[in-house]
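*Asks:* got a predicted structure here, sequence first:
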There are 2 protein chains.
Amino acid sequence: SVKPFLSPMAVSNIRYGPGVTKEVGMDLKNMGAKNVCLMTDKNLAQLPPVQVAMDSLVKNGIPFTVYDNVRVEPTDASFMEAIEFARKGAFDAYVAVGGGSTMDTCKAANLYTSSPHSDFLDYVSAPIGKGKPVSVPLKPLIAVPTTTGTGSETTGAAIFDYERLKVKTGIASRAIKPTLGLIDPLHTLHMPARVVANSGFDVLCHALESYTALPYHLRSPCPSNPITRPAYQGSNPISDIWAVHALRIVAKYLKRAVRNPDDLEARSHMHLASAFAGIGFGNAGVHLCHGMSYPISGLVKTYKAKDYNVDHPLVPHGLSVVLTSPAVFTFTAQMFPERHLETAEILGADTRSARIQDAGPVLADTLRKFLFDLDVDDGLAAVGYSKADIPALVKGTLPQERVTKLSPRPQSEEDLAALFEASMKLY
Amino acid sequence: SVKPFLSPMAVSNIRYGPGVTKEVGMDLKNMGAKNVCLMTDKNLAQLPPVQVAMDSLVKNGIPFTVYDNVRVEPTDASFMEAIEFARKGAFDAYVAVGGGSTMDTCKAANLYTSSPHSDFLDYVSAPIGKGKPVSVPLKPLIAVPTTTGTGSETTGAAIFDYERLKVKTGIASRAIKPTLGLIDPLHTLHMPARVVANSGFDVLCHALESYTALPYHLRSPCPSNPITRPAYQGSNPISDIWAVHALRIVAKYLKRAVRNPDDLEARSHMHLASAFAGIGFGNAGVHLCHGMSYPISGLVKTYKAKDYNVDHPLVPHGLSVVLTSPAVFTFTAQMFPERHLETAEILGADTRSARIQDAGPVLADTLRKFLFDLDVDDGLAAVGYSKADIPALVKGTLPQERVTKLSPRPQSEEDLAALFEASMKLY
Ligand SMILES: NC(=O)c1ccc[n+]([C@@H]2O[C@H](COP(=O)([O-])OP(=O)(O)OC[C@H]3O[C@@H](n4cnc5c(N)ncnc54)[C@H](O)[C@@H]3O)[C@@H](O)[C@H]2O)c1
Ligand SMILES: NC(=O)c1ccc[n+]([C@@H]2O[C@H](COP(=O)([O-])OP(=O)(O)OC[C@H]3O[C@@H](n4cnc5c(N)ncnc54)[C@H](O)[C@@H]3O)[C@@H](O)[C@H]2O)c1
Ligand SMILES: [Fe+2]
Ligand SMILES: [Fe+2]
């Protein structure tokens, strides 16, 4: 049921269609590129998505160099290494073929190479970094997402693990949004099942969090000069459209996409859903699941994620956000209960007789059932955390105010501790 | 029920909020503007929207000149006059405060001033003009829409009446899309009822036509180089979202917005709907209602539109598109009947027992009832046309292939004649 590829769909900075990666060389030629850096990770370097992109570059006579040392779930050190490589190469354009890890690394390499006098922390979000606005021009960057999760091809975010603090943080600026995203659903056929599941949970949380985020018109103070307003502005009628649409796709296609590696229809829809959710949260923002996920990933002990071909312990991003989702939405539902009920219904709950004051538990139960059906580990305990870790998890969440302040309900340290505790076991 | 204005909503190139026009001076200052051209029409020049914009420029110390000679439904001559004015002024930024007529005139002034060696026809769509791609850099243009119709603040189109051929045509290029659209619903409170109605019909047709346009993956040939693909690519999953959403708003709010000048809630929603539909059709395209409307406007005889404060005969754009809509969708429904039925349902029809082969008549009846309820003139006859005009109307439609080729069903000259004939009387 895949549509014939007569012409791809092109909207703002994304182009979608089976086989669209074959056009990357032409796009770079149109941009006048003569010295391209193709970034990917070691695993993908051996797989067809990278091969197809390289063939297109060769066919169009574009000289390029491959950097395949992207770290899955990047760190400041792995960003640095990529930046160093890019500096030496003096590239005039970038192509990132991979998941969020690759796209984010490539954004960072482009940014710091274009701004050679900046310290690494200059552009990192405050309070960990200085959160300086970007005013230098960057080189064109084409993102070719191979996972169905982050939507990083549509966002101005680059996330990394700041190893000194053992916490994830990021760079957020419209300036690092890719010039073009080529969404080629054929790449999704190579994804292992848990990568489909975890990146699908990332889409699920992007949609749920942006839809329930503090509405834009209630966020205060509003900086009086438009130029100083943050990229994450709270939920709004436009991001709502993307969030609801992405959520509907997740409800309809995620299970099929995980269970059947050949279901191109389901995986194609999830590929678009990740971009849709990205357009939505890229402007509305996310809140507690993401804010709390950064220490969950950053403090990882020995957990090894199934289906991830990497040599280090890892709680994949999508898993780290979804594990707290039942607790988080139970906590936030009192603020906008109708929206919480509505999302439960989209995810398959029968909400006809639900009382509005039960919106939180109804959504939480719906999420737990959804995660159970998809074989998700039983809570934070199953990925290696215990009660003793809660103070460190809370401490790692506090600097994430860029996102946590978008929670519809303000949260104290005690609230955060209770949310982590409630997430230790799910079923 | 209007939300308090703590902070506006900012998404891609639009910013929305009651009072957001007050920020225009700051935006221009952020852009470094030192010599601004504010364009509007003679009617609006006396009204608050222009006053508020001027006050903001003054407050921010931005030197500016007002051009208020925009023609309502512009012509090549009126474009030329604005271009001439802009050339002499050597402006470094533009602000358009008005409806589609003002925004489109300002886009043209910016384009040709930035491309001083071009002939006027160079950028006009083929076959009337040469349809050359734009490669010169333009000055920043801020669009402040005061009608709830064209969505021109989001599109790369500028439409005018080519007087020599007595037919509307336009310039279509992503390059002329405004840098920023400031959507300030307070301006809608000044709109006369028929301007609300007609610009609402424009939204209705943008949504219906882009939703039923030939799907992007069926459009052929697909130029192999992405750079040569047209902006109007056919319906696609992203434009579909915008179209359906805009249609829902039209169904819910247009009647209220027309009937009650104080209904800020309804008019605010219509103001956003016009932008939403603009984002959708700006990339999917429109088809027969628009293609056929260009001669309907261009060949106007003596019809005077109620509530339009102008000194020339005029079939307002929104009226000229909607009058053929029952006939057009009866004609196109056989191609994608489910979509036609779905839109009828959104517009209030009870389609539970409708047969799929009746999709066209069901949608047409729904439209006729909708138009009747909103006091729309009874067909082309009521705006001055008779059977004898049909050959000229058909002849004026033929060069509109930029849009007519997006019709889901191909059409012969006989088909077009029959569609005009069927649109002579509606009720
Ligand atoms: N920038 C943003 O807006 C944003 C948003 C959410 C998450 N993130 C970040 O993105 C990262 C996670 O990215 P991700 O979930 O896309 O996964 P990933 O890039 O970390 O890749 C996960 C694993 O899947 C493999 N893989 C990827 N595509 C494949 C394919 N088509 N076939 C076979 N194997 C494939 C990779 O080689 C890797 O081993 C995290 O660091 C997270 O914080 C960024
Ligand atoms: N560029 C595009 O994408 C696009 C799309 C559709 C239509 N159009 C074009 O736009 C033009 C029509 O524009 P329109 O429908 O927005 O109307 P308009 O700009 O022609 O204005 C119509 C009338 O309403 C008055 N008016 C506008 N705003 C008002 C307000 N707030 N209060 C009081 N009076 C107000 C104007 O002074 C004028 O008399 C046509 O030329 C049409 O072809 C362009
Ligand atoms: Fe995420
Ligand atoms: Fe229109």
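*Replies:* Happy to help now that I have it. Ligands and ions are numbered 1, 2, ... in the order given.
*Asks:* nearest spatial neighbour of residue A:263, skipping sequence neighbours?
*Replies:* Spatially, and ignoring its direct neighbours in sequence, residue A:263 is nearest to residue A:256 (5.1 Å; CB to CB, 6 or more residues apart in numbering or on different chains). Backbone N, C-alpha and C define where each C-beta goes, glycine included.
*Asks:* that neighbour: what's it in contact with?
*Replies:* Counting by CB atoms under 8 Å, 6 or more residues apart in numbering or on different chains, residue A:256 touches A:263, A:265-266.
*Asks:* let's see if you can find the most crowded of those.
*Replies:* When neighbours are counted as other CB atoms under 10 Å in any protein chain shown, the busiest of the contacts of residue A:256 turns out to be residue A:266, with 23 neighbours.
*Asks:* could you pull out the strands in chain A for me?
*Replies:* Applying DSSP state E to chain A gives strands spanning A:9-11, A:14-16, A:36-41, A:64-70, A:93-98, A:141-145, A:157-162, A:167-172, A:180-183.
*Asks:* wait, does the second one contact ligand 1?
*Replies:* No: against ligand 1, strand A:14-16 shows no contacts by CB under 6 Å from any ligand atom, the least distance being 13.7 Å.
*Asks:* can that strand be found next to chain B?
*Replies:* Yes: contact of strand A:14-16 with chain B (CB under 8 Å from any CB of the partner chain) involves residue A:15.
*Asks:* ok, residue A:101 touching residue A:73?
*Replies:* Yes: if you go by CB atoms under 8 Å, residue A:101 and residue A:73 touch, sitting 5.8 Å apart.
*Asks:* neighbours around the residue of the stretch 151-300 of chain A found nearest ligand 2, how many?
*Replies:* Nearest residue of the stretch 151-300 of chain A to ligand 2, counting by CB to the nearest ligand atom: residue A:238, 18.5 Å away. Under the neighbour criterion other CB under 10 Å, residue A:238 is assigned a count of 25.
*Asks:* setting aside sequence neighbours, what's the nearest residue to it?
*Replies:* Leaving out its chain neighbours, the residue that sits closest to residue A:238 by CB to CB, 6+ apart is residue B:11, at 4.5 Å.
*Asks:* state the number of residues packed around that neighbour.
*Replies:* If we define neighbours as other CB under 10 Å, then residue B:11 has 22 of them.
*Asks:* my read: it touches residue A:241, true?
*Replies:* No: Residue B:11 is beyond contact range of residue A:241, at 10.2 Å (criterion: CB under 8 Å).
*Asks:* got the confidence number for residue A:34?
*Replies:* Residue A:34 is assigned 98 on the pLDDT scale.
*Asks:* these two touch, right, it and residue A:63?
*Replies:* Yes: in this structure residue A:34 lies within contact range of residue A:63 using CB under 8 Å: 6.4 Å.
*Asks:* who's more crowded, these two?
*Replies:* residue A:34 (14 against 11).
*Asks:* residues contacting the more buried one?
*Replies:* Taking CB under 8 Å, 6+ apart, we find residue A:34 in contact with A:62-63, A:92.
*Asks:* any idea how far the residue positioned nearest the centre of chain A is from chain B?
*Replies:* With distances taken as CA atoms, centre = their mean, the residue of chain A nearest its centroid is residue A:150 (2.8 Å). Distance, residue A:150 to chain B, by CB to the nearest CB, to the nearest Å: 18 Å.
*Asks:* phi, psi of that residue?
*Replies:* Residue A:150 adopts backbone torsions of phi -70, psi -30, taken as degrees, to the nearest 10.
*Asks:* Provide a list of residues in contact with it.
*Replies:* Contacts of residue A:150 by CB under 8 Å, 6+ apart are A:99-100, A:103-104, A:199, A:202, A:274, A:278, A:317.
*Asks:* mind redoing it with 6 Å?
*Replies:* For residue A:150, the contact set (CB atoms under 6 Å, 6 or more residues apart in numbering or on different chains) comprises A:100, A:202.
*Asks:* repeat that for residue A:46.
*Replies:* By CB under 6 Å, 6+ apart, residue A:46 has no neighbours at all.
*Asks:* poorly predicted segments of chain A, please.
*Replies:* In the predicted model, chain A carries pLDDT under 70 at residues A:1-8, A:10, A:12.
*Asks:* what's the biggest helix in it, counting residues?
*Replies:* helix A:237-259 (DSSP state H).
*Asks:* that helix near ligand 1 anywhere?
*Replies:* No: Helix A:237-259 is not in contact with ligand 1 by CB under 6 Å from any ligand atom; minimum separation 12.2 Å.
*Asks:* mind listing what's buried in that helix?
*Replies:* A:237-255, A:257-258 (16 or more other CB atoms under 10 Å in any protein chain shown).
*Asks:* just the C-alphas of it, formatted as PDB.
*Replies:* What follows is helix A:237-259 as a C-alpha-only set of coordinates in PDB (Å, rounded to 0.1, in the frame of the first residue of the first chain):
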ATOM      1  CA  PRO A 237      -3.400  26.100  18.400                       C
ATOM      2  CA  ILE A 238      -0.800  25.300  15.800                       C
ATOM      3  CA  SER A 239       1.300  22.900  17.900                       C
ATOM      4  CA  ASP A 240      -1.900  21.300  19.100                       C
ATOM      5  CA  ILE A 241      -2.800  20.300  15.600                       C
ATOM      6  CA  TRP A 242       0.600  18.600  15.100                       C
ATOM      7  CA  ALA A 243       0.400  16.900  18.500                       C
ATOM      8  CA  VAL A 244      -3.000  15.500  18.100                       C
ATOM      9  CA  HIS A 245      -2.300  14.300  14.600                       C
ATOM     10  CA  ALA A 246       1.000  12.600  15.700                       C
ATOM     11  CA  LEU A 247      -0.800  11.000  18.600                       C
ATOM     12  CA  ARG A 248      -3.500   9.500  16.300                       C
ATOM     13  CA  ILE A 249      -0.800   8.000  14.100                       C
ATOM     14  CA  VAL A 250       1.000   6.500  17.200                       C
ATOM     15  CA  ALA A 251      -2.300   5.000  18.400                       C
ATOM     16  CA  LYS A 252      -3.000   3.500  15.000                       C
ATOM     17  CA  TYR A 253       0.400   2.400  13.800                       C
ATOM     18  CA  LEU A 254       3.100   2.100  16.500                       C
ATOM     19  CA  LYS A 255       2.200  -1.500  17.500                       C
ATOM     20  CA  ARG A 256       2.200  -2.700  13.900                       C
ATOM     21  CA  ALA A 257       5.400  -0.900  13.200                       C
ATOM     22  CA  VAL A 258       7.200  -2.500  16.200                       C
ATOM     23  CA  ARG A 259       5.800  -6.000  15.600                       C
END
